[in-house]
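Participant: Okay, sequence plus prediction incoming.
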Protein chains: 2
Amino acid sequence: MKARVYISLKNGVLDPQGKAISHSLHGLGFDSVIDVRQGKTIELDLKETDREKASEEVERMCQQLLANTVIENYSIELVD
Amino acid sequence: MKARVYISLKNGVLDPQGKAISHSLHGLGFDSVIDVRQGKTIELDLKETDREKASEEVERMCQQLLANTVIENYSIELVD
């Protein structure tokens, strides 16, 4: 089973990478850009085949390692 | 209009960040993990309200700046 974890910065947390991208896009003439935020995607390939167990396991991975829950939100999507 | 760009490494391209995450997950006892790949998500807030124009514009942003098309794939999703 495959799982995808989307990690994004919480609202209000400064995002210097996003700001840099926004600045570069303006420099290239993309004036319609108002704001940019950058996040992460982590794709996991798991041996686990049970949907519920896989979901619980990925949730624990996020809490323990993948996301910094003080400043980041995460969402989990199971594929297959 | 908001747009989300998902950028992932092409198959066959080495992903040391993914390998490091995989190693750490094994260290924490998550033995069901077979493989991990890390990608990026870029969320754009655009002034453009026309769906087709926005899509074309984001496509050009990806080609010119956001993705390195030699080693990365990207997909665009329009929200709103």
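Facilitator: Received, thanks. Numbers count the residues shown, from 1 in each chain, chains lettered A, B, ... in the order given.
Participant: Could you tell me which strand of chain A is the longest one?
Facilitator: Criterion DSSP state E: the longest strand present in chain A is strand A:33-46.
Participant: could you show me where the helices are in chain A, in order?
Facilitator: A:16-27, A:51-61 (DSSP state H).
Participant: does any part of the last one sit near chain B?
Facilitator: Read it as helix A:51-61. Yes. Using Cβ under 8 Å from any Cβ of the partner chain, we find that helix A:51-61 touches chain B at A:Ala54, A:Glu57, A:Arg60, A:Met61. Backbone N, C-alpha and C define where each C-beta goes, glycine included.
Participant: Bridging across strands, which residues link to the closest residue in space to A:Ser75 that isn't next to it in sequence?
Facilitator: Leaving aside its sequence neighbours, A:Ser75 sits nearest to A:Tyr6 (Cβ to Cβ, 6 or more residues apart in numbering or on different chains; 4.9 Å). In this entry, A:Tyr6 is beta-bridged to A:Thr41, A:Ser75, by DSSP bridges.
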